[in-house]
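> sequence first, then the predicted structure:
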Amino acid sequence: TDAAAVLLAEVDGLPDGVASAAERIAEIGRAHGATSVRVAADDAERAALWKGRKTAFGAVAQIAPNYYLHDTVVPRSALARVLEEVYAIAERHDLLVVNVFHAGDGNLHPLLLFDRREPGVMDRVLAAGAEIVAASLDAGGVLSGEHGIGVEKRDYMAMLFSPDD
């Protein structure tokens, strides 16, 4: 509960390989400032850890009544830089952002938190969302990793594709 970030890493394979990979991940985490490393003792604990990740979106309701979610993908090598940009964008628009994403494939899910009853907040939210999409594309990313292109993203298609595309 006191962590600024949580990283879940899951490895599979033969037992010796899994143990070796888990230890390597722990070493890398500690080398980069992890305050604790926890390895699931069994399938029940592993499921409980993943449940925490899967319920993160609902938990943000404790912070703000509304959120606006984007789904973009960036090259993994650009992930840290784009995350810094996402936080800067949210700050410029006086919004709080929570990031719940798939680091392994560069799939970002920034949640812009807000209260829609606040006058003018939707203009700030939509402007910040557009900047997040632009930052992702500028980093060599794409518009969507898993949720697709719909009404929300159709106007961004020209940022990535030509008329011929």
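Thanks, I have the structure now.
> all helices of this structure, in order?
Taking DSSP state H, the helices of the chain run over residues 15-31, 43-54, 56-59, 79-92, 121-138.
> pick out the shakiest of those, pLDDT-wise.
Lowest mean pLDDT within those: helix 56-59, a mean of 79.
> still on that earlier bit, mind putting the helices of the chain into a markdown table with mean neighbour count and distance to M157?
Backbone N, C-alpha and C define where each C-beta goes, glycine included. Output for these, formatted as a markdown table (neighbours: other C-beta atoms under 10 Å; distance: least, C-beta to C-beta, whole Å):
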| stretch | mean neighbour count | distance to M157 |
| --- | --- | --- |
| helix 15-31 | 13 | 37 |
| helix 43-54 | 11 | 30 |
| helix 56-59 | 12 | 26 |
| helix 79-92 | 17 | 20 |
| helix 121-138 | 18 | 11 |
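> show residues contacting stretch 62-73.
57, 60, 96, 98, 105-116, 125-126, 129, 132-133, 136-137, 141-147 (C-beta atoms under 8 Å, 6 or more residues apart in numbering).
> want to throw the helices of the chain into JSON lines with distance to P65?
Shown next, in JSON lines, are these (distance: least, C-beta to C-beta, whole Å):
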{"stretch": "helix 15-31", "distance to P65": "34"}
{"stretch": "helix 43-54", "distance to P65": "21"}
{"stretch": "helix 56-59", "distance to P65": "12"}
{"stretch": "helix 79-92", "distance to P65": "17"}
{"stretch": "helix 121-138", "distance to P65": "11"}
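> how far away from the center of its chain is stretch 82-96?
Centroid separation for stretch 82-96 versus its chain: 13 Å, with C-alpha atoms, centre = their mean, to the nearest Å.
> among the helices of the chain, which is nearest D2?
Among the helices of the chain, the nearest to D2 by C-beta to C-beta is helix 43-54 (14.6 Å).
> which residues are contacting the closest one?
Looking at what lies outside helix 43-54 - C-beta under 8 Å, 6+ apart - the contacts are 6, 8, 10, 38, 40, 100.
> try 7 Å this time
For helix 43-54, the surrounding residues in contact (C-beta atoms under 7 Å, 6 or more residues apart in numbering) are 8, 40.
> can I get it as PDB, trimmed to CA atoms?
The C-alpha coordinates for helix 43-54 follow below in PDB (Å, rounded to 0.1, in the frame of the first residue of the first chain):
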ATOM      1  CA  ASP A  43      -1.200 -20.800  -7.600                       C
ATOM      2  CA  ALA A  44      -3.700 -19.300  -5.100                       C
ATOM      3  CA  GLU A  45      -1.300 -16.500  -4.200                       C
ATOM      4  CA  ARG A  46      -0.400 -16.000  -7.800                       C
ATOM      5  CA  ALA A  47      -4.100 -15.600  -8.600                       C
ATOM      6  CA  ALA A  48      -4.500 -13.200  -5.700                       C
ATOM      7  CA  LEU A  49      -1.700 -11.000  -7.000                       C
ATOM      8  CA  TRP A  50      -3.200 -10.900 -10.500                       C
ATOM      9  CA  LYS A  51      -6.600 -10.100  -9.000                       C
ATOM     10  CA  GLY A  52      -5.100  -7.000  -7.600                       C
ATOM     11  CA  ARG A  53      -4.000  -5.900 -11.100                       C
ATOM     12  CA  LYS A  54      -7.300  -6.900 -12.700                       C
END
